[in-house]
Structure formats: structure tokens, C-alpha cells
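>>> here is a sequence with its predicted model. Questions after.
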Amino acid sequence: MTYQRYRTRPPWRRALTFLALLLAAVAAATGARADEPGDAHGPYSPARIAEGVTIGETQVGGMTAEQATTAVTADFRTPIPIVLPGRTAYVAPGSAGGVPLAAPAVETALAADPDSRIGLRILVDEPRLAKASRRLAAQLTQPAVDAKVELHGLRPVLKRERYGLEVKTKPLARALRGALAGGSRSPLDVRHSTLVPSVLAEDLRTVVVIRRSENELIFHRRNHKPVKLGVATGQPSYPTPLGAFTIVDKQLNPWWYPPNSAWAAGATPIPPGPGNPLGTRWMGLSAPSVGIHGTPDAASIGYSASHGCIRMRISDAEWLYDHVSIGTPVFIVA
């Protein structure tokens with residue numbers, strides 16, 4: 001139909017003609033798209049992997065190359081679990097240096113028979129693996145925690161020890177390399193060593209509390225009633241220090257040596273015997289030049305009379321000496 005003839009038609013017939021031409025154009029375009037490559041139902045649809053084929057541990061049967069590559073890469077990124085006593089840590093394979101060669105495996109899978117198993121080759125970036133292993137070993141290592149005693153009011157409270165563990169870098173790197181190369185995501189049992197605390201709860205069965213203002217020593221022994229004993233503490237000019245200390249030295253029938261202090265200037269050492277100012281027992285504290293000891297001057301007990309040490313009656317000092325040990329906590333409070 002010519003344009004001139006179209007123009008001479010009535011308006012309503014021109015509209016019908018235009019609508020018919022438009023419908024014909026839409027039908028032609030739809031038919032053309034149906035024949036384009038990539039349509040799922042056309043003759044040029046993408047190749048698909050045969051049913052039942054796996055790449056590594058990933059099922060890729062019926063997938064296109066793009067779908068299979070995505071699935072294999074996603075499965076490879078599954079974190080590697082590392083099992084340690086009381087906890088499990090997770091490592092991203094990529095951060096540990098693993099690089100999956102998915103493309104060659106997918107290409108092999110496209111040509112494989114149904115139910116074939118295709119291996120997935122993994123490259124390991126050794127510098128990245130070494131760096132990740134060092135960082136991870138440091139994060140997984142837990143130091144041992146010593147038992148300790150805290151004073152709540154005048155009551156000692158025991159905080160028990162915690163054993164630690166140490167993860168070595170090289171064994172961890174070997175275990176990660178094996179997991180990466182094998183594609184396994186089974187829990188990884190990493191070799192480690194146990195760190196033993198230096199101080200155990202069993203070492204802290206006794207505790208000494210000294211009330212400086214009351215000139216009183218309270219001896220605590222686990223599962224026993226506290227024992228209170230009178231003492232003499234430091235003069236105002238030579239106060240007994242406050243704080244938490246431990247017994248670091250024990251001497252039976254000690255010598256007395258003059259300290260480097262003005263009040264002892266010109267004094268000479270005194271051997272064991274009745275006149276020894278330390279009595280018959282010395283229990284040195286971690287506070288410098290301060291200890292618990294007996295005294296021949298029993299009249300000073302109950303007063304602030306010493307040069308900083310804690311004096312006890314001879315018999316009380318001998319009793320205490322037999323019930324404490326090196327490491328016994330000593331709390332001196334106001």
C-alpha cells in the first residue's frame with residue numbers, strides 16, 4: 001500500500017492498518033530473539049556439564065561453565081576449622097595463601113562423562129601461608145595464668161590457676177598446607193603444647209594478713225579457723241609498708257646484720273643466740289629489708305615499736321615458721 005493511498009483512507013481504517021503493522025513487527029522481533037544464542041531453549045544454549053560430575057567435593061552436574069566456576073570458588077572459600085581444647089577457630093583459605101585453579105577444572109568437567117570426579121588443583125602462596133601461620137599461632141597461643149589470692153576486706157579469696165597452650169608456627173603451617181592442598185574442611189587438630197602455671201592453687205594453702213593499726217597478725221589456712229596473734233609493727237618514723245607481698249626467705253636461727261640505715265650506724269652483726277634481735281626465726285618478705293621474726297623484747301608486742309619489720313613472740317614466730325612456706329602471700333593493711 002502506498003503512502004498516498006493510506007492518506008486517502010478514512011481515519012478509522014488508517015488506525016486499524018497501523019495496529020496490524022505494529023502487531024506484525026512485535027511478532028517478528030519475538031521470533032528473532034527466540035533464535036538468538038544463549039536462550040535456554042534455542043539451538044545455541046550454553047554447554048552444560050554432564051549429570052553427576054563433581055569437581056573436588058563440589059557437585060557441578062547440569063551447570064554451565066560460569067555456574068560451575070562460581071560454585072567451586074564458593075565451596076573453596078569455606079573456612080578451615082582449627083580445633084583446640086575448649087574452642088574452635090576458623091581460617092579463610094584465601095588468607096592462608098590458597099588459590100584454586102577453577103577454570104581448568106571446569107573445562108575438564110565440560111568434556112567429562114556423567115558421574116566423573118574431577119580433581120581441583122590448589123596453588124599455595126608460601127609467603128602468605130607463612131605470614132598467616134605466624135599471626136594465627138600468636139592469636140591461638142594462650143599464656144598460663146598463675147593462681148593468686150585477693151583480699152576482700154580481711155578475707156583472702158583464692159583465684160585458681162589456668163593452664164595455657166602454645167601453638168607453634170611451623171606445625172600449624174604444615175597442617176594448613178595439607179588442608180588447602182587436599183581441599184578438606186574437616187576440623188584440623190593442630191599440635192600444641194601445654195603451658196603450666198608457675199603458681200598453683202595448692203601452693204597457696206596459707207595466707208598471712210597483718211593489721212598494722214591493730215598490731216595483729218591473722219593466719220589463714222584452708223579449711224581451718226583463722227589464728228590471730230599479736231605483733232609489733234613499725235614506728236611512725238619507720239612504718240611497716242602496706243601492700244601485698246610474699247615470703248621469699250626463711251632462716252632458722254638467723255644472724256642479724258645491720259641495715260644500711262641511720263639508726264643502725266656503727267652496729268655490728270649479731271650471731272644466733274638469746275640476744276639476737278631476730279629471735280630464732282626469720283621470714284623475709286618481698287618488701288626490701290622487711291620480714292616477720294621473733295623478738296626477745298616481748299614487751300614491744302602490741303605496739304608500733306620496730307624499724308619496719310613485724311615482730312612476734314619467740315614461740316609464735318616458731319609456730320608460724322612451721323606453717324608458712326616460700327611464696328606464702330602476706331597482706332599488710334592499715
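Received it, and whenever you're ready, just let me know what you need.

>>> buried set for stretch 247-260?
By neighbour count on 16 or more other Cβ atoms under 10 Å, the buried set for stretch 247-260 is I247, K250, Q251, P254, W256. In this view, the C-beta of every residue, glycine as well, is placed from N, C-alpha and C.

>>> the first one and P329: what is the separation?
Which is I247. Taking Cβ to Cβ, to the nearest Å as the measure, I247 falls 8 Å from P329.

>>> identify the contacts common to the two.
V208 (Cβ atoms under 8 Å, 6 or more residues apart in numbering).

>>> nearest to L129 among the buried residues of stretch 247-260?
Set against L129, the nearest of those by Cβ to Cβ is I247 (49.9 Å).

>>> number of residues surrounding the nearest residue to the closest one once chain neighbours are set aside?
Counting by Cβ to Cβ, 6 or more residues apart in numbering, I247 lies nearest to T328, which is 4.6 Å off, once chain neighbours are set aside. As a burial measure, T328 scores 24 neighbours (other Cβ atoms under 10 Å).

>>> kindly report the same for R313.
Residues near R313, counting by other Cβ under 10 Å: 20.

>>> let me know whether it touches G294 as I believe.
Yes - with contact defined as Cβ atoms under 8 Å, R313 reaches G294; the gap is 6.9 Å.

>>> anything in contact with each of the two?
The contact sets of R313 and G294 do not overlap (Cβ under 8 Å, 6+ apart).

>>> and E51, how close does it get to T69?
From E51 to T69 the distance is 18 Å (Cβ to Cβ).

>>> neighbour-wise, which of the two wins?
Under the neighbour definition other Cβ under 10 Å, E51 and T69 were set side by side, and T69 has more, 20 against 11.

>>> now do the SS call for the more buried one.
At T69 the chain is in helix, as set by DSSP: H, G, I helix; E, B strand; the rest coil.

>>> in contact with it, which residues?
T69 touches A102, A103, V106, counting by Cβ under 8 Å, 6+ apart.

>>> gap between it and P104?
The value you get for T69 to P104, if Cβ to Cβ is used, is 11 Å.

>>> A299 too?
96 Å.

>>> ok, the residue nearest to I247 touching T246?
Yes - using Cβ under 8 Å, T328 is in contact with T246, at 6.5 Å.

>>> coming back round to it: can you put the contacts of T69 in TSV and add distance to V208?
Converted to TSV, the contacts of T69 look like this (distance: Cβ to Cβ, whole Å):
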residue	distance to V208
A102	69
A103	73
V106	74
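
>>> weed out the non-buried ones from those.
Here, 16+ other Cβ under 10 Å leaves A102, V106 buried among these.

>>> let's see which of the contacts of T69 end up in helices.
Using DSSP state H, A102, A103, V106 are the members of the contacts of T69 that sit in helices.

>>> now, the buried residues of stretch 247-260 that are in strands?
Members of the buried residues of stretch 247-260 lying in strands (criterion: DSSP state E): I247, K250, Q251.

>>> and stretch 85-93, which residues are buried?
A89, V91, P93.

>>> and the pLDDT for the closest residue to the second one other than its chain neighbours?
Same thing as V91. Counting by Cβ to Cβ, 6+ apart, I80 is the residue found nearest to V91 once chain neighbours are left out, at 4.6 Å. I80 carries a pLDDT score of 96 in this model.

>>> for I80, which residues are in contact?
Y90, V91, A92, P93, A96, L176, A179, L180, R185, L188.

>>> quick one, phi/psi of it?
phi -90, psi 120 (degrees, to the nearest 10).

>>> also the one 3 residues further on?
Per-residue torsions, V83: phi -100, psi 130 (degrees, to the nearest 10).

>>> do the same with R311
Main-chain torsions, R311, degrees, to the nearest 10: phi -90, psi 150.

>>> quick check: it vs G294, distance?
From R311 over to G294 the distance is 7 Å, taken as Cβ to Cβ.

>>> can you check T141 too?
T141 is 47 Å from G294, by Cβ to Cβ.

>>> so for the two, which sits in the more crowded spot?
Higher neighbour count among T141 and G294: G294, with 25 against 17, using other Cβ under 10 Å.

>>> sec struct for the nearest residue to that one once chain neighbours are set aside, please.
Leaving aside its sequence neighbours, G294 sits nearest to G279 (Cβ to Cβ, 6+ apart; 2.2 Å). Using three-state DSSP, the structure places G279 in coil.

>>> what of L123?
strand.

>>> quick check, it in contact with P104.
No - judged on Cβ under 8 Å, L123 makes no contact with P104 at a distance of 11.5 Å.

>>> quick check: phi and psi on the nearest residue to Y303 once chain neighbours are set aside?
Distances taken as Cβ to Cβ, 6+ apart place A232 nearest to Y303, at 5.5 Å, with adjacent residues excluded. The phi/psi pair for A232 (degrees, to the nearest 10) reads phi -120, psi 130.

>>> pull out the buried residues from stretch 61-75.
So stretch 61-75, judged by 16+ other Cβ under 10 Å, has buried residues G61, M63, T64, A65, A68, T69, A71, V72, D75.

>>> for the second one, what are its contacts?
For M63, the contacting residues are R48, I49, A71, by Cβ under 8 Å, 6+ apart.

>>> identify the bridge partners of P100.
Beta bridges link P100 to I122, judged by DSSP bridges.
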